[in-house]
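> What shape does this take:
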Amino acid sequence: MNLYQEVFEKNKLWIEKQQATDADFFKHLAEGQSPEVLYIGCSDSRVTAEDMTGMKPGEMFVHRNIANLVPNNDNNSASVIEYAIGHLNVKHVVVCGHYFCGGVKAAMQAQDLGVLNPWLRNIRDVFRLHSEELNAIEDEDARYNRLIELNVEEQCLNVIKTAIFQKHYNAGKTPTVHGWVFDIKTGKLIDLNINFEEKLKSIQEIYNLGK
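As a prediction, this is how the structure comes out:
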């Protein structure tokens, strides 16, 4: 049996497992969703949101793309954020990067990557904004990991810049924005402890859309 065929066999086993612990599992699932968390992560096949967080179906709204970006001209991520905050009323928005991210690594290299160029330009802009700090790091792996962390921070800022976030936060102090990094070598989730309230204050002069 090849991997493709295994998917459907594993699906049958998953159904049996869910029903064994909760006979009404799928009935409840069909009634709707009310997740508390919007997770924005990387598409990397090694980094599965539900597995590493232990979240159950219905608890987390998930959006993934290369290098966990929230570009200002991307209708995909913008639509996800609008829906999650404006309609699902999530309480937390998480941007989660991971060490050994191929997208970030590619952005650090001076080469033409075709259609990926405009997407990776967002990460190269992060490097440009923090070039003094990054260029001072002599070890290439350490510089790479720090860029991954800074990219998460900048994408959190991009969430905070959105009108839907500012409107809801000004009205009820939710959602809270968090920046995480997943360490593939250890399996550990690292909270970068970004003070998003201070970040919001620092950009409000230009990005204040919540009036």
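> Tell me the secondary structure of the spatially most central residue of the chain, please.
The centroid of the chain falls nearest to I40 when counting by Cα atoms, centre = their mean (2.1 Å). Recorded secondary structure, I40: strand (DSSP: H, G, I helix; E, B strand; the rest coil).
> beta partners for it?
On the basis of DSSP bridges, I40 is bridged to H63, V95.
> Please verify my assumption that H98 contacts V181.
Yes: counting by Cβ atoms under 8 Å, H98 touches V181, with 6.3 Å between them. Just so you know, the C-beta spots here come from the backbone N, C-alpha and C atoms, and that holds for glycine as well.
> Would you mind listing the residues touching both of these two?
Contact criterion Cβ atoms under 8 Å, 6 or more residues apart in numbering; residues shared by H98 and V181: I148.
> Backbone dihedrals for the nearest residue in space to D22 that is not next to it in sequence, please?
Ranked by Cβ to Cβ, 6 or more residues apart in numbering and with sequence neighbours excluded, the top spatial neighbour of D22 is H28, at 7.7 Å. H28 adopts backbone torsions of phi -70, psi -40, taken as degrees, to the nearest 10.
> go on, L189?
In terms of degrees, to the nearest 10, the main-chain angles of L189 are phi -90, psi 130.
> What degree of burial does it show, as a neighbour count?
Burial measure for L189: 14 neighbouring residues, criterion other Cβ atoms under 10 Å.
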